[in-house]
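Visitor: Quick one, structure for this:
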Amino acid sequence: MNLPSEAPPSRTRWRHRRDRLATGLIAAGGIGVILAVLAIGVFLVVEVVPALAGGGLAVERLHATLTPLAWGTLKAAFWALLFALPLALGAAMHSALFMSPRLRTRLKPALELMEALPGVVIGFVAGLVLAPWVERHLAVAALLLVTLPLGALLAGALWRWLPVALRRCLPLAWAGLWLVPWLVLLGWGAVALAPPLEGLLFGGDLRAWLDAELGLHYAARNALIVGLAMGFAVLPSVYALAEEALAGVPSGLTEGAQALGATRWQALWRVVLPAAAPGLLAAVMIGAGRAVGETLIVLLASGNTALMSLSPLEGMRSLAASIAIELPEAAPGSPDYHLLLLAALALFAFTFLVNTLAELVRTRLRHRYHRLGGAP
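Guide: This is a model prediction of the structure:
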């Protein structure tokens with residue numbers, strides 16, 4: 001048996017030098033990113049604090065200007081997360097614990113690739129396609145928003161009452177496929193039923209009824225459109241992180257719970273979710289950070305009206321959109337310039353704190369898995 005010859009000393013030294021060079025470049029790149037982020041924070045603080053200390057920014061103006069923008073930012077993030085979190089977390093639970101491995105290897109990369117879609121494209125489609133369609137078919141859109149989630153829950157309830165032979169033909173592991181025709185059928189039914197229901201219940205014009213009866217004015221570009229579009233943009237990142245956290249829970253925990261008599265659903269709610277809670281919380285926080293800092297989708301789909309309103313049918317204006325619109329026209333050193341930098345500092349502080357907290361939570365999750373016998 002011939003043993004492999006040892007590498008020459010010169011080749012070994014060259015390999016070690018190459019590894020050290022690659023390690024140094026990676027470390028330098030990481031340190032450079034950290035320094036760049038810190039430099040941005042220092043620049044904003046240096047520009048804003050003197051203006052605040054010197055009275056260049058009046059308290060009354062700060063309150064009147066920033067309060068509606070902060071409200072619009074939180075409003076847009078709330079509706080985006082309200083749309084994205086149930087879908088993302090539900091898809092992550094099904095993908096990590098119930099989906100067929102063969103189907104998971106095909107669908108999971110496709111869902112993660114959605115994150116590569118540029119925000120400007122999503123905002124363009126929301127502002128020029130989705131918003132006009134919803135404005136013309138408000139009753140259809142409202143019925144779809146109610147019918148599809150309830151239809152998915154109804155499908156799960158009906159599945160439990162099916163005969164055993166039919167349930168074997170429609171296994172939960174492939175629910176991601178056999179649910180599609182059902183939801184398409186429900187969507188078609190909602191589109192067909194919406195006009196007669198609108199005529200019967202709302203006199204043929206839902207927009208006029210909302211304005212007359214509830215005092216809700218419908219704007220073409222509103223928080224609902226922003227929530228749908230930005231939720232679509234946030235969904236892939238939340239799904240990827242949540243799925244990773246759920247799939248990383250040691251299988252011995254689930255198997256032990258089932259060996260003690262728990263069903264798969266009981267093991268999910270009582271064992272897997274508590275164990276993966278830090279990772280799920282990190283996914284939600286990162287999604288919230290992206291929703292708060294999103295600029296182009298809000299800019300193109302919100303109408304950019306600085307309103308303090310709870311209604312999802314009215315527009316709003318966010319901090320990020322205001323910076324994008326007004327900063328090119330603000331003269332350096334002017335009160336408007338410092339006001340916009342203060343808005344940028346608020347966004348920077350929020351996203352920095354949220355992402356830092358999310359990373360700390362993820363680190364705690366890895367340590368927990370290590371103690372439980374999972375991968376470190």
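
Visitor: any idea of the mean pLDDT in stretch 333-342?
Guide: Mean pLDDT, computed over stretch 333-342, is 84.

Visitor: Give the buried residues for that stretch.
Guide: 336-342 (16 or more other Cβ atoms under 10 Å). C-betas here are computed from N, CA, C, even on glycine.

Visitor: So what touches it?
Guide: Outside of stretch 333-342, the residues within contact range by Cβ atoms under 8 Å, 6 or more residues apart in numbering are 44, 47-48, 51-52, 56-57, 61-62, 65-66, 322-323, 326-327, 330-331.

Visitor: what's the offset of stretch 219-227 from the middle of its chain?
Guide: How far stretch 219-227 lies from its chain's middle: 17 Å, per Cα atoms, centre = their mean, to the nearest Å.

Visitor: now swap in stretch 143-160 and tell me
Guide: Put simply, stretch 143-160 sits 23 Å off its chain's centre (Cα atoms, centre = their mean).

Visitor: With just CA atoms, put that stretch into PDB.
Guide: Extracted in PDB, the C-alpha atoms of stretch 143-160 (Å, rounded to 0.1, in the frame of the first residue of the first chain):
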ATOM      1  CA  LEU A 143     -63.400  39.700   0.800                       C
ATOM      2  CA  LEU A 144     -60.200  38.100  -0.300                       C
ATOM      3  CA  LEU A 145     -58.400  39.300   2.900                       C
ATOM      4  CA  VAL A 146     -61.100  37.700   5.000                       C
ATOM      5  CA  THR A 147     -61.700  34.500   2.900                       C
ATOM      6  CA  LEU A 148     -58.200  33.200   2.300                       C
ATOM      7  CA  PRO A 149     -57.000  33.000   5.900                       C
ATOM      8  CA  LEU A 150     -60.300  31.600   7.100                       C
ATOM      9  CA  GLY A 151     -60.300  29.200   4.200                       C
ATOM     10  CA  ALA A 152     -56.900  27.900   5.200                       C
ATOM     11  CA  LEU A 153     -58.100  27.300   8.700                       C
ATOM     12  CA  LEU A 154     -61.300  25.600   7.400                       C
ATOM     13  CA  ALA A 155     -59.100  23.300   5.200                       C
ATOM     14  CA  GLY A 156     -57.300  22.100   8.300                       C
ATOM     15  CA  ALA A 157     -60.500  21.500  10.200                       C
ATOM     16  CA  LEU A 158     -62.100  19.600   7.300                       C
ATOM     17  CA  TRP A 159     -58.900  17.500   6.800                       C
ATOM     18  CA  ARG A 160     -59.300  16.100  10.300                       C
END
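
Visitor: Buried residues, that stretch. List them.
Guide: Of the residues in stretch 143-160, 143-144, 147, 151-152, 155, 159 count as buried by neighbour count, 16+ other Cβ under 10 Å.

Visitor: Equivalent analysis for stretch 123-140, please.
Guide: 123-127, 130-131, 134-135, 137-140.

Visitor: Looking at those, spot the one nearest L210.
Guide: Using Cβ to Cβ, L138 is the member of the buried residues of stretch 123-140 that sits closest to L210, with 8.4 Å.

Visitor: just to revisit the earlier point, now the buried residues of stretch 123-140 in TSV, with distance to F352, pLDDT and secondary structure?
Guide: What follows is the buried residues of stretch 123-140, written out as TSV (distance: Cβ to Cβ, whole Å; pLDDT from 0 to 100; DSSP: H, G, I helix; E, B strand; the rest coil):
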residue	distance to F352	pLDDT	secondary structure
G123	24	87	helix
F124	29	87	helix
V125	30	89	helix
A126	27	89	helix
G127	29	87	helix
L130	32	91	helix
A131	32	90	helix
V134	35	91	helix
E135	37	89	helix
H137	41	90	coil
L138	39	91	helix
A139	43	91	helix
V140	41	92	helix
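
Visitor: Show me what stretch 32-51 is in contact with.
Guide: Stretch 32-51 is contacted by residues 56-57, 335, 338, 341-342, 344-345, 348-349, 352 when judged by Cβ under 8 Å, 6+ apart.

Visitor: circling back to that earlier point, got a markdown table for the buried residues of stretch 123-140, with distance to G215 too?
Guide: As requested, the buried residues of stretch 123-140 are exported to a markdown table (distance: Cβ to Cβ, whole Å):
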| residue | distance to G215 |
| --- | --- |
| G123 | 29 |
| F124 | 32 |
| V125 | 31 |
| A126 | 26 |
| G127 | 26 |
| L130 | 25 |
| A131 | 22 |
| V134 | 20 |
| E135 | 19 |
| H137 | 22 |
| L138 | 16 |
| A139 | 19 |
| V140 | 23 |
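
Visitor: Which of these sits closest to A282?
Guide: Distance to A282 across those (Cβ to Cβ) is lowest for G123, with 26.3 Å.

Visitor: what ranges of the stretch 251-376 of the chain fall below the confidence cut-off?
Guide: Counting by pLDDT under 70, the stretch 251-376 of the chain contains low-confidence residues at 365-366, 368-376.

Visitor: Kindly recompute the last result at 50.
Guide: For the stretch 251-376 of the chain, the stretches flagged by pLDDT under 50 are 374-376.

Visitor: those helices in the stretch 251-376 of the chain, which residues are they?
Guide: Under the criterion DSSP state H, counting those that start in this stretch, helices of the stretch 251-376 of the chain are mapped to 251-259, 264-267, 273-293, 296-301, 319-326, 335-371.

Visitor: that older thread, between the buried residues of stretch 123-140, which sits nearest A22?
Guide: Distance to A22, by Cβ to Cβ, is smallest for G123 among the buried residues of stretch 123-140, at 38.6 Å.
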